[in-house]
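Trainee: Sharing a model that was predicted from the sequence below.
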Amino acid sequence: MTLDKTAAAYWKANIRIIFICLIIWAISSFGFAILLRPALAALPITFGGVDLGFWFAQQGSILIFIGIIFYYTWYMNRLDQEFDVDEK
Amino acid sequence: MDQFTLNLIVVGASFALYIGIAIWARAGTTSDFYTASRGVNPIVNGAATAADWMSAASFISMAGLIAFVGYGNSSFLMGWTGGYVLLALLLAPYLRKFGRFTVPEFIGDRFYSQSARIVAVICLLTISITYVIGQMAGAGVAFSRFLEVDNTTGLLIASGVVFMYAVMGGMKGITYTQLAQYCVLITAYTIPAVFISIQLTGNPVPPLGLFSTHAESGLPLLTKLDQVLVELGFHDYTGLHSSTMNMFLFTLSLMIGTAGLPHVIIRFFTVPKVSDARKSAGWALVFIALLYLTAPAVGAMARLNIVTTIFPNGTTEQPIEYSAQPDWMETWAQTGLLAFEDKNGDGRIQYYNDNSEEFAATAAERGWEGNEMVTFNRDILVLANPEIAQLPGWVIALIAAGGLAAALSTAAGLLLAISSAISHDLLKSVLMPKITDKQELMAARISMAFAIALATILGLNPPGFAAQVVALAFGLAAATLFPALMMGIFSRKMNRQGAIVGMLAGLTMTLLYIFTYLGWFFIPDTNMLANTPENWIFGISPLSVGAIGAVVNFTAAYITMKLTGEPPEHIQELVESIRVPRGAEAAVDH
């Protein structure tokens, strides 16, 4: 019974971190680069002569995507050990 | 040494390398052939995935797509990279844990149904065959342009090389050739970009150069670009000139489609561990990003270079005379991909936007009678880059080898996905379940050979709809395979009926929408509505419909699941076991 509970808790923790990662994924691409670009443009920050939204669309989002995957990998490796479900 | 000999030497050397690898990495078992026996280092797999993923479209066309539209086409950059986040978080580790050979095999086992497996095979074949046509055609073009052989001979040579390493080595041969091909293509792409970046901005790193100062004018590069384009009546580079909603949906469709492409997914079956599958997706994206961060810099800088070449004294001054045009313009004009026409007969090249009504008055005032750069094929941009930057001949030869590496590596990955679906999913599991491992390996090789022959024939007579076909492949991957795979992992209660109805609903809806605007099976003039924004339902472009197809798939599957029963107990246990990494080793001996 305890084992089953651990598996369920592990899955719940995994879903939680996937959810957080996907929110960051969506905000950096669909948010900053597309929908929120006008709002970002209103800020007094420019990057290389253009507003931040353009940077997110052509570079920022890709860099954040890489960051998300490596963070998730690191986090899950830790989680796997914590719940004792890692590969031996 | 002349350019032709140089091209021949560099391309020949790269081919010799691929064939050498093929001989070294022969496949002995079906496990070797389908998944390289799951012994591939995750970083090596990342580089192989990057080569697998980056096709002729990424290598040759993408910079041009961005250069002539600007911000609006950032969708390609975000869409074709963002899909890897979905792969790493939602699919790759679980499919690796499941430990089988093909994508339809997962769908068939998880949904305990041969029908589901066959529907998945149909989706996979449609996606991969349409995709492979473009690769073979691209390889043929690269051959005929750089090696001065005709298209047919070029294509046959390309097929012969792929045949060598794909049929002999299967996944094992393909993986290590793709690693070599990645090195060739990234070097070829980066070198000219670095030189152009130094020339324009003094910064040797192109992605940084894009956001730094244009050395000549002292303005930020992008400000300068916006300025000269607007002065010639074009849209500014950094603004949005299409609908926000379509940009949103198109990006989303490309992301979901990327995550659902079978030839990319099967690469994650080759790594030793579940945690390696996650890590490998990260490395794949790093290797892809090296090109994808360079591409927008190449696009913007090449666009600026073209304008300043034609208007050396600024856009408000006279453009150059035809007699003073640089060599590369003459060279490429011979191919017909670049064409000029002296419309007002003044002997100078006027390059401007003659479709702009606001600019018409200025143009008339200056005595211009239409844009005189009548053709500029966007694919020239990357191919002519070394010539525009006046780089030595070996860089041009490298670009030829790079373009071929991009096309061949993607073709090989697709061919493996096609042949394994035929030999493993149709023959072994449905038609002839009794065949031995050895016979199945032979069947896999024969179906690979057939797939290459089919791709070659289709590449020789490419149906005239290359661009639409890509939309179809991504749309279908997004609308069929991705939702089925995701529900198979994340919904324990999803049953056979739900998955089949979902895939069929997504498939039908997406096909109908695309065919309505682009013609039935892309036959010209059979479209029922003109492909214009006014006719699109809710203004959704047929290129962006994949994301909607995915939503239809999820919804139809959920409703069907609610109306039918739960899946059997052992399937629910199977789902539980996919979700935890432990125990993955056992699957290796499959």
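Mentor: Yep, it's here.

Trainee: can I assume B:L481 sits in a helix?
Mentor: Yes: under DSSP: H, G, I helix; E, B strand; the rest coil, B:L481 falls within a helix.

Trainee: That one is in contact with B:A120, isn't it?
Mentor: Yes: checked against C-beta atoms under 8 Å, the pair B:L481 and B:A120 is within contact range at 6.7 Å. Any C-beta I mention is one placed from the backbone N, CA and C, and that applies to glycine too.

Trainee: Alpha carbons only: can I get stretch B:510-519 in PDB?
Mentor: Listed in PDB are the C-alpha atoms of stretch B:510-519, where the atom choice follows Å, rounded to 0.1, in the frame of the first residue of the first chain:
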ATOM      1  CA  THR B 510      -7.500  18.600 -40.600                       C
ATOM      2  CA  LEU B 511      -7.500  17.000 -44.000                       C
ATOM      3  CA  LEU B 512     -10.900  18.500 -44.900                       C
ATOM      4  CA  TYR B 513      -9.900  22.000 -43.800                       C
ATOM      5  CA  ILE B 514      -6.600  21.900 -45.700                       C
ATOM      6  CA  PHE B 515      -8.200  20.400 -48.900                       C
ATOM      7  CA  THR B 516     -11.000  22.900 -48.800                       C
ATOM      8  CA  TYR B 517      -8.600  25.800 -49.300                       C
ATOM      9  CA  LEU B 518      -5.700  24.100 -51.100                       C
ATOM     10  CA  GLY B 519      -7.500  21.700 -53.300                       C
END
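
Trainee: quick one: it to chain centroid distance?
Mentor: 21 Å (C-alpha atoms, centre = their mean, to the nearest Å).

Trainee: List the buried residues in that stretch.
Mentor: B:T510, B:L511, B:Y513, B:I514, B:F515, B:T516, B:Y517, B:L518, B:G519 (16 or more other C-beta atoms under 10 Å in any protein chain shown).

Trainee: any idea which of the residues you listed is closest to chain A?
Mentor: Closest approach between the buried residues of stretch B:510-519 and chain A, by C-beta to the nearest C-beta: B:T510, at 20.9 Å.

Trainee: right, and the closest one touches B:A477 too?
Mentor: No: counting by C-beta under 8 Å, no contact exists between B:T510 and B:A477, whose distance comes to 9.9 Å.

Trainee: who touches both of the two?
Mentor: Applying C-beta atoms under 8 Å, 6 or more residues apart in numbering or on different chains, one finds that B:T510 and B:A477 are jointly contacted by B:G546.

Trainee: what touches both of B:L481 and B:A120?
Mentor: Common neighbours of B:L481 and B:A120, counting by C-beta under 8 Å, 6+ apart, are B:V103, B:I107, B:M503.

Trainee: State the pLDDT value of the second one.
Mentor: Pointing back at B:I107 there. Predicted confidence (pLDDT) at B:I107: the value is 94.

Trainee: got a list of what it touches?
Mentor: Remark: with contacts taken as C-beta under 8 Å, 6+ apart, B:I107 is in contact with B:A116, B:R117, B:V119, B:A120, B:L481, B:A484, B:L485, B:G488, B:A499.

Trainee: so the nearest residue to B:A417 once chain neighbours are set aside is in which element?
Mentor: Nearest residue to B:A417, sequence neighbours excluded (C-beta to C-beta, 6 or more residues apart in numbering or on different chains): B:H263, at 4.1 Å. With elements delineated by DSSP states H and E, B:H263 resides in helix B:262-265, which encompasses its position.

Trainee: Please work out the average pLDDT along that helix.
Mentor: Confidence over helix B:262-265 (mean pLDDT, whole number) is 93.

Trainee: I'd like the C-alpha coordinates of it written as PDB, please.
Mentor: Provided in PDB are the C-alpha atoms of helix B:262-265 (Å, rounded to 0.1, in the frame of the first residue of the first chain):
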ATOM      1  CA  PRO B 262       7.500   9.900 -35.700                       C
ATOM      2  CA  HIS B 263      11.000  10.100 -37.100                       C
ATOM      3  CA  VAL B 264      11.900  12.500 -34.300                       C
ATOM      4  CA  ILE B 265      10.200  10.400 -31.600                       C
END
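
Trainee: after that helix, next one along is what?
Mentor: Tracing the chain past helix B:262-265, the next element assigned as helix or strand by DSSP H and E is helix B:274-310.

Trainee: Let's test this: name the helix or strand in chain B with the lowest mean pLDDT.
Mentor: Of all regular secondary-structure elements in chain B, judged by mean pLDDT, DSSP states H and E, the least confident is helix B:466-476 with a mean of 73.

Trainee: measure B:G282 to chain A for me?
Mentor: Distance check for B:G282 against chain A: by C-beta to the nearest C-beta, to the nearest Å, it reads 4 Å.

Trainee: List phi and psi for the residue nearest to that residue when sequence neighbours are not counted.
Mentor: In space, not counting the residues next to it along the chain, B:G282 is nearest to A:I69; the distance is 3.9 Å by C-beta to C-beta, 6+ apart. Its backbone dihedrals place A:I69 at phi -60, psi -40, with angles given as degrees, to the nearest 10.

Trainee: which ones are touching A:I69?
Mentor: Residues in contact with A:I69 (C-beta under 8 Å, 6+ apart) are B:Y84, B:V85, B:A88, B:L89, B:R278, B:A281, B:G282, B:L285.

Trainee: ok, how many other residues are close to the fourth one?
Mentor: The number of residues packed around B:L89, counting by other C-beta atoms under 10 Å in any protein chain shown, is 24.

Trainee: swap in the first one?
Mentor: Applying other C-beta under 10 Å, we find 29 other residues in the vicinity of B:Y84.
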